[in-house]
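Student: Fold the stuff below for me.
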Amino acid sequence: MSKKGRILVAMSGGIDSTMTAVLLHEQGYEVVGITMKTWDYANSGGSKKETGCCSLDSINDAREVAVDLGFHHFIVDIREEFGDYVIDNFVDEYLAGRTPNPCVLCNTHIKWSAMLRRADQLDCEYIATGHYAIINEKDGRKYVTKAKDAKKDQSYVLWGLSQECLNRSMFPLGPYTKPEVRQMAFDRGYTALSKKGESYEICFVPDNDYRSFLRRRVDGLEDRVNGGNFVNTAGEVIGQHKGYPFYTIGQRKGLGVAFGSPKYVTEILPDTNTVVLGDVGDLLRNGMIVGQVNNQKYDVIPEGLETVTQIRYNDPGTLAALKQDGTQVEATFLANVKGVAPGQSAVFYEGDDIVGGGIIMSGLK
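Tutor: Numbering: from 1, shown residues only. Presented below is the predicted three-dimensional model:
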């Protein structure tokens with residue numbers, strides 16, 4: 001065994017995970033590659049050609065790198081546990097009138113737990129992924145910090161990682177920019193890989209059409225929910241919609257009805273199949289309740305701590321004062337925020353460091 005130890009590297013066949021394995025191999029770790037089969041896109045009924053981490057081409061790309069560098073590579077089938085948890089949650093959340101974030105659940109509940117189990121079986125002390133993020137430590141606690149490359153930073157989807165996971169994880173790409181990673185691949189002879197594109201869609205909805213996915217996944221859904229009411233903020237019926245699961249908070253386009261002025265989805269009421277529409281000002285919230293909170297930087301978030309709070313992946317964040325009560329946090333924004341969507345992740349940053357994060361339960365007016 002290497003003096004640096006044995007490390008299990010998640011390899012999707014893309015440039016980021018490949019260069020993660022390459023860099024660790026060059027640093028002297030004994031690398032073991034693992035590719036996780038999470039989903040058969042053919043089963044989703046979509047029309048787009050299968051691409052990404054679950055395709056045969058990607059699996060072969062990962063294996064070729066392992067053969068080239070002389071380390072072991074394994075393919076692990078986690079489709080059943082992935083589907084039972086991530087996809088069922090995805091569907092259930094939309095049926096509950098919320099907007100889920102499946103990538104967070106997949107990372108924290110499926111991929112990390114699956115990797116740690118295999119790491120133990122293969123005598124690997126650490127696991128590594130190609131995420132653009134950095135792990136730091138303070139007062140004996142590990143926490144995620146934003147990556148050097150602000151455009152590629154993926155810290156937002158890692159708020160749910162526990163201390164156990166962080167203590168055994170590495171993100172070798174955190175100190176690099178994406179162009180630097182591409183250049184490193186090119187310099188090492190991986191010319192095709194250095195030019196390889198990447199996907200930003202949900203892996204099991206690669207055509208990016210979640211509405212069609214729900215229709216295929218839930219028998220008779222459209223018949224059950226079609227014909228509900230659009231109402232204004234006063235509760236007056238102003239139109240008919242195609243079913244509450246097919247709308248999200250903040251949505252303006254694709255409502256299917258002309259109102260003479262821009263209208264936005266401000267609330268979704270699944271019990272009555274009702275979608276509330278309002279003006280842009282009706283989307284504003286001065287706070288929110290966040291549940292299922294996972295603390296990273298602090299064991300308990302200091303009361304009144306002001307953090308830049310991010311409510312969606314590309315959100316620049318808004319300053320908010322936090323008050324924690326068990327696994328819930330009440331966040332009070334210092335400036336009103338538009339489009340607080342129950343089901344999405346809220347992540348609290350102190351500078352570039354993740355204080356903690358959780359799932360948005362409700363907005364506060």
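
Student: tell me the helices in the stretch 51-200 of the chain, going along the chain?
Tutor: Remark: helices assigned in the stretch 51-200 of the chain by DSSP state H, counting those that start in this stretch are 56-69, 79-82, 88-95, 102-105, 112-121, 163-167, 178-187, 191-194.

Student: Any figure for the gap between the most centrally placed residue in the chain and Gly189?
Tutor: With distances taken as C-alpha atoms, centre = their mean, the residue of the chain nearest its centroid is Cys103 (3.1 Å). Noted for Cys103: a distance of 31 Å to Gly189, by C-beta to C-beta, to the nearest Å. Just so you know, the C-beta spots here come from the backbone N, C-alpha and C atoms, and that holds for glycine as well.

Student: that older thread, kindly reformat the helices of the stretch 51-200 of the chain as CSV containing mean pLDDT and distance to His131.
Tutor: Compiled in CSV, those are given as follows (pLDDT from 0 to 100; distance: least, C-beta to C-beta, whole Å):
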stretch, mean pLDDT, distance to His131
helix 56-69, 87, 16
helix 79-82, 84, 18
helix 88-95, 94, 21
helix 102-105, 88, 11
helix 112-121, 93, 11
helix 163-167, 96, 12
helix 178-187, 95, 12
helix 191-194, 82, 18
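
Student: Highest mean neighbour count out of those?
Tutor: Compared across the helices of the stretch 51-200 of the chain, helix 102-105 shows the largest average neighbour count, a mean of 20 (mean count of other C-beta atoms under 10 Å).

Student: list the helices and strands that helix packs on?
Tutor: If you count contacts as 3 or more C-beta pairs under 8 Å, 6 or more residues apart in numbering; DSSP states H and E, helix 102-105 packs onto helix 88-95.

Student: just checking, what packs against the helix it packs on?
Tutor: Using 3+ C-beta pairs under 8 Å, 6+ apart, helix 88-95 sits against helix 102-105, helix 210-217.

Student: Need the residues that contact that helix.
Tutor: By C-beta atoms under 8 Å, 6 or more residues apart in numbering, the surrounding residues in contact with helix 88-95 are 99-100, 102, 105, 202, 204, 210, 214, 217-218, 245, 270, 343.

Student: element containing Leu319?
Tutor: In this assignment (DSSP states H and E), Leu319 forms part of strand 318-325.

Student: What angle do strand 318-325 and the helix or strand just after that strand make with each other?
Tutor: Where DSSP H and E defines the elements, the next helix or strand beyond strand 318-325 is strand 328-338. Between strand 328-338 and strand 318-325, the angle comes out at 160 degrees (axes from the mean of the first three to the mean of the last three C-alpha atoms, to 10 degrees).

Student: one step back: please tell me I have it right and the residue nearest to the centre of the chain contacts Val157.
Tutor: Yes. Between Cys103 and Val157 there is a contact at 5.1 Å, judged by C-beta atoms under 8 Å.

Student: for the stretch 1-150 of the chain, what spans make up the strands?
Tutor: In the stretch 1-150 of the chain, the strands defined using DSSP state E, counting those that start in this stretch lie at 6-10, 30-37, 72-77, 126-128, 133-138, 141-146.

Student: Of the ones you listed, which stretch is the most buried?
Tutor: strand 6-10 (a mean of 25).

Student: Can you pull out the residues in contact with it?
Tutor: 17, 20-21, 24, 29-36, 111, 115, 118-119, 122-130, 170.

Student: what's the answer for stretch 327-339, then?
Tutor: Residues from elsewhere that reach stretch 327-339 (C-beta under 8 Å, 6+ apart): 249-250, 280, 283-293, 301, 306, 309, 311-312, 318-323, 346, 348, 356, 358, 361, 364.

Student: Could you tell me the end-to-end distance of stretch 306-320?
Tutor: 5 Å (C-alpha to C-alpha, to the nearest Å).

Student: same thing with stretch 340-347?
Tutor: Note: stretch 340-347 ends 13 Å apart using C-alpha to C-alpha.

Student: okay but Pro81 is in contact with Cys106, surely?
Tutor: Slight slip there: residue 81 is Glu, not Pro. No. Assessed by C-beta under 8 Å, Glu81 is found out of contact with Cys106, at 10.4 Å.

Student: Quick one: low-confidence residue ranges for the stretch 101-250 of the chain.
Tutor: For the stretch 101-250 of the chain, the stretches with pLDDT under 70 are 199-201.

Student: How is this structure divided into domains?
Tutor: Taking automatic domain parsing as the reference, the chain has its domains at 6-194, 222-278, 283-364.

Student: The longest one: how far from the chain's middle?
Tutor: Relative to the mean C-alpha coordinate of its chain, domain 6-194 is positioned 12 Å out (C-alpha atoms, centre = their mean, to the nearest Å).

Student: dump the residue contacts of Arg182.
Tutor: 15, 194-195.

Student: Distance-wise, check it relative to Leu116.
Tutor: Computed as C-beta to C-beta, the Arg182 to Leu116 distance reads 30 Å.
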